[in-house]
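# Just need the structure, nothing else, for what follows:
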Amino acid sequence: MKRTSTLVVTAALLAPSAPLGLLTVGAGTAHASGRTYFVSPSGSDGNPGTSAAAPFRTIQKAADSAGPGDTVSIMNGTYSEQAKGSNVLTVRRSGRSGAPITFMAHPGHHPVIHPVNAWNGISIHGASHIAVKNLEVKGNSEALTLAGAERDAKKNDPTYNTNCIWAEPNKATGAKPHHIDIVGNTVHHCPGLGIGSRGADHMTIDRNHVYATSWYTVYATSGISVLAAHDVDRGDPRTYKIRVTNNTVHDNETKVKWERCQCYSDGNGIIIDTLKDKSKAGESGPDYQGRVLVANNLSYDNGGSGIHSFKSQHVDIVHNTAYKNGRSTRMESYANIFAHDSTDVRLLNNIAYGRPGQATNSKSRNVDVTYDYNIYFGGKAPEVKGPHDIVADPKLTDPGTGAGADFRLSKGSPAIGSGTPFAAVTTDLAGARRTGGVASDRGAYGFTTGGNDATQGAPGAPTDESASPGPLSTTPAEPSGGSGAAASPASEGPAGTGDDSGPSTQNGESGPLAETGGSNPVLPLGIAAAVLGLGGGLLFVARRKRARH
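Residues are numbered from 1 along each chain as shown. Below is the predicted model of the structure:
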């Protein structure tokens, strides 16, 4: 077995890097003004739709009318699919650079997109330059039961497999979704996926609240999932093109056996999945070369992991707080935050608060993966521990799994001022500016005095995507001695495609990836998220556990 070396994160983390804003849509490009289309359940698709007095009745009519720079303003009411197996909204028309098509709640209104027997609440089907903002997508899980799902859920029936928001390639044209901003939405109670993408690029998933998803699907899904990203332009490991930032995800869990293996799997908070070795997962195309930022997320009380990366590369998982995930009793507990079978991943400044007996992190088939400046508490001893990692109570204000839980840092927390500055993350989950200098607070929230009432900083506009996240100066690590992954046969959903490689099982073999139901045919969706490190780093192997079967 080849040795695993621990590499110190050096001051090179302070290398200049234009900060990448985490609180706004897009990349700071001015949006061209366009026409606004209005939608109301009291309207008519025979109306012109260009005034609040004469709105369309369906969001689909507005989507089929909108062009670059246009806005679809959705007014109060509940919107469901027109026919079983369709989507409430299918977005096929694209915007253009600087002129996206935006779907948003009408100012002062609170519309609800409510898929009942749909494959998706919102499907972005090969479209580009699309923004989905400030909407509520509420699935139908509250009207379903676990007993009903265990008895009646099927691959080809959307009833128990509905996703909330899903971006995928157009199967007819091959067009990949890109420049997609999913921002400020409340997404919940979809029996399938919360928010996810397959084959997408230039994706921002920011400031969403995702909860109570994935309960009843026969496809192993998660709260937020990025699967098999595809470079639609030049990919550069120094450039962030996908951002999963400032989200709160909880109560996402798979409670029904995955149809492919007849085992329980996933239900993670956030996963980054199969950005490399795609052919082993039934995907096609080269390895993704852009960089992924997963930052300032709060992930708690999910069935699987809080945040993890699987078979991925060029990923930074920084300044996140994960609390008592791995709650599922149907499978072996996943770690809170970890990487598996990944390359060039950094896991820094995170807080991982585990359940008794829960894995803290893991080491399996990673290359150049760095764990450092994290705080671990509860659960088992870390399998991998960086030179600045701490095992201690992070002293969160009032942590828990209920509605009143408070995950901010309290006075005396070892997370205060003990992290390392990370140039791409300039604010915290509350929008407060992170302090500069030689130290940073660990976790999703920065600490402030005065009762920890965070001083709100104005949202910073993202810089140009060519900005480098900064190199990591370390000694190259040797490849890990983990056992090689054995691809399992690809299984077919209605689309005839499937993902077939996955994190290691207890016996060191690999299991298949998860997938999700899709619009019309079922679409694959990966679960295991791979946490990657920039530059040379710690050679750790992170292992995601799966139930015996």
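# buried set for stretch 267-281?
With burial defined by 16 or more other CB atoms under 10 Å, the residues of stretch 267-281 counted as buried are 267-278, 280-281. C-betas here are computed from N, CA, C, even on glycine.
# Go ahead and measure how far that stretch is from the middle of the chain.
Distance of stretch 267-281 from its chain centroid, counting by CA atoms, centre = their mean, to the nearest Å, is 11 Å.
# just stretch 43-56 next, same as before
Worked out by CA atoms, centre = their mean, stretch 43-56 lies 35 Å from the chain centre.
# what's that stretch in contact with?
35-40, 42, 57-58, 61-62, 65, 73, 75, 106 (CB atoms under 8 Å, 6 or more residues apart in numbering).
# Just these: which are in strands?
Cross-referencing the contacts of stretch 43-56 against strands under DSSP state E gives 36, 37, 38, 39, 73.
# any chance of the residues you listed in TSV, plus pLDDT, distance to residue 384 and neighbour count?
What follows is the ones in strands among the contacts of stretch 43-56, written out as TSV (pLDDT from 0 to 100; distance: CB to CB, whole Å; neighbours: other CB atoms under 10 Å):
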residue	pLDDT	distance to residue 384	neighbour count
36	98	52	18
37	98	52	26
38	98	54	22
39	98	50	28
73	98	49	22
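# Residue 345: which of the residues you listed is nearest?
Checking these against residue 345 with CB to CB, the nearest one is residue 73 at 40.3 Å.
# Can you tell me how far the closest residue to that closest one other than its chain neighbours is from residue 255?
Leaving aside its chain neighbours, residue 73 sits nearest to residue 106 (4.4 Å; criterion: CB to CB, 6 or more residues apart in numbering). Distance of residue 106 to residue 255, given as CB to CB, to the nearest Å: 36 Å.
# Neighbour count: those two, which is higher?
Each of residue 106 and residue 255 has its neighbours counted (other CB atoms under 10 Å); residue 106 has more, 20 against 17.
# show me the contacts for that one.
The contact partners of residue 106, by CB under 8 Å, 6+ apart, come to 38, 52, 73, 74, 75, 76.
# picking that back up, and the buried residues of stretch 267-281, which two are furthest apart?
Farthest pair in the buried residues of stretch 267-281 (CB to CB) is 269 and 280. Separation: 24.6 Å.
# average pLDDT across stretch 327-346?
For stretch 327-346, the mean pLDDT works out to 93.
# oh, I was asking about stretch 311-323
Averaged across stretch 311-323, the pLDDT comes to 97.
# what does stretch 74-91 give?
Stretch 74-91 carries an average pLDDT of 97.
# And stretch 127-141, by the same measure?
Stretch 127-141 comes out at a mean pLDDT of 98.
# From the opening residue of that stretch to its closing one, how far?
The stretch stretch 127-141 measures 28 Å between its terminal residues, going by CA to CA, to the nearest Å.
# May I ask which two of the ones in strands among the contacts of stretch 43-56 are separated the most?
36 and 39 (10.4 Å).
# Need the overlap of contacts for these two.
Here residue 36 and residue 39 share the contacting residues 72, 73, scored by CB under 8 Å, 6+ apart.
# Look up how far residue 137 lies from residue 186.
Look at residue 186 and residue 137: by CB to CB, they are 7 Å apart.
# any weak-confidence spans in the stretch 1-150 of the chain?
1-32 (pLDDT under 70).
# Please enumerate the helices of it.
59-65, 146-152 (DSSP state H, counting those that start in this stretch).
# Which of the contacts of residue 106 sits closest to residue 193?
residue 74 (21.4 Å).
# Now do the contacts for the closest one.
Residue 74 is in contact with 39, 59, 103, 104, 105, 106, 109, 111, 135, counting by CB under 8 Å, 6+ apart.
# Also residue 398?
By CB under 8 Å, 6+ apart, the contact set of residue 398 is 404, 405, 406.
# returning to that earlier point: using CSV, lay out the helices of the stretch 1-150 of the chain together with mean neighbour count.
As requested, these are exported to CSV (neighbours: other CB atoms under 10 Å):
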stretch, mean neighbour count
helix 59-65, 20
helix 146-152, 13
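# Dump those helices to TSV, plus distance to residue 92.
Output for the helices of the stretch 1-150 of the chain, formatted as TSV (distance: least, CB to CB, whole Å):
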stretch	distance to residue 92
helix 59-65	8
helix 146-152	31
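# Ok, which of those comes nearest residue 239?
Closest approach to residue 239 among these is made by helix 59-65 (30.5 Å; CB to CB).
# Residues in contact with the closest one: which ones?
Everything outside helix 59-65 that qualifies as a contact, by CB under 8 Å, 6+ apart, is 37-39, 45, 49, 56, 72, 74, 79, 82, 88-93, 101, 103, 113.
# hang on, the earlier thing: distance check, the residue nearest to residue 73 against residue 40.
Applying CB to CB to residue 106 and residue 40 gives a distance of 8 Å.
# Now list whatever residues contact both of those two.
52, 75, 76.
# In those, which residue is surrounded by the most others?
The most crowded member of the shared contacts of residue 106 and residue 40, judged by other CB under 10 Å, is residue 75 (19 neighbours).
# what about the strands in the stretch 151-300 of the chain?
Using DSSP state E, counting those that start in this stretch, the strands of the stretch 151-300 of the chain run over 163-168, 178-183, 186-188, 195-198, 201-206, 209-211, 224-227, 240-245, 248-250, 270-273, 291-295, 298-300.
# Can you tell me which of those is packed in deepest?
Burial of the strands of the stretch 151-300 of the chain is given as mean neighbour count (mean count of other CB atoms under 10 Å); strand 270-273 ranks first at a mean of 33.
# Was I right to think residue 245 contacts residue 297?
Yes: at 6.9 Å, residue 245 counts as touching residue 297 under the criterion of CB atoms under 8 Å.
# average pLDDT for stretch 273-282?
Taken as a whole, stretch 273-282 has a mean pLDDT of 84.
# Tell me who's in contact with residue 244.
205, 206, 224, 226, 270, 272, 292, 293, 294, 295, 297.
# try 10 Å
Residue 244 makes contacts with 22, 182, 195, 203-206, 208, 224-226, 270-272, 292-297, 307, 315, 317, 320, 529, as judged by CB atoms under 10 Å, 6 or more residues apart in numbering.
# Report pLDDT for the spatially most central residue of the chain.
Central residue of the chain (CA atoms, centre = their mean): residue 224, 3.5 Å from the mean position. Looking at residue 224, its pLDDT is 98.
# can you check residue 403 too?
At residue 403, the model reports a pLDDT of 87.
# Could you look up the SS state of it?
In three-state terms, and counting by DSSP: H, G, I helix; E, B strand; the rest coil, residue 403 is coil.
# Could you report the neighbour count for it?
5.
# measure it to residue 300 for me?
Distance, residue 403 to residue 300, using CB to CB: 12 Å.
# likewise residue 66?
Distance, residue 66 to residue 300, by CB to CB: 37 Å.
# And for residue 308?
Taking CB to CB as the measure, residue 308 falls 14 Å from residue 300.
# before we move on, what about residue 183?
To residue 300, residue 183 is 21 Å away according to CB to CB.
# any chance of the ones in strands among the contacts of stretch 43-56 in JSON lines, with distance to residue 169 too?
Compiled in JSON lines, these are given as follows (distance: CB to CB, whole Å):
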{"residue": "36", "distance to residue 169": "29"}
{"residue": "37", "distance to residue 169": "26"}
{"residue": "38", "distance to residue 169": "30"}
{"residue": "39", "distance to residue 169": "26"}
{"residue": "73", "distance to residue 169": "28"}
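# Now for residue 148: which residues touch it?
For residue 148, counting by CB under 10 Å, 6+ apart, the contacting residues are 159, 160, 216.
# Make sure the first one is actually in contact with residue 81.
What that stands for is residue 159. No: with contact defined as CB atoms under 10 Å, residue 159 does not reach residue 81; the gap is 11.5 Å.
# where do the contact lists of these two overlap?
Common neighbours of residue 159 and residue 81 (CB under 10 Å, 6+ apart) are 116, 117, 118.
# how about the first one, what does it touch?
Contacts of residue 116 were listed using CB under 10 Å, 6+ apart, and they are 80, 81, 84, 88, 139, 140, 143, 158, 159, 162.
# Burial check on residue 133, number of neighbours?
Using other CB under 10 Å, residue 133 has 17 neighbouring residues.
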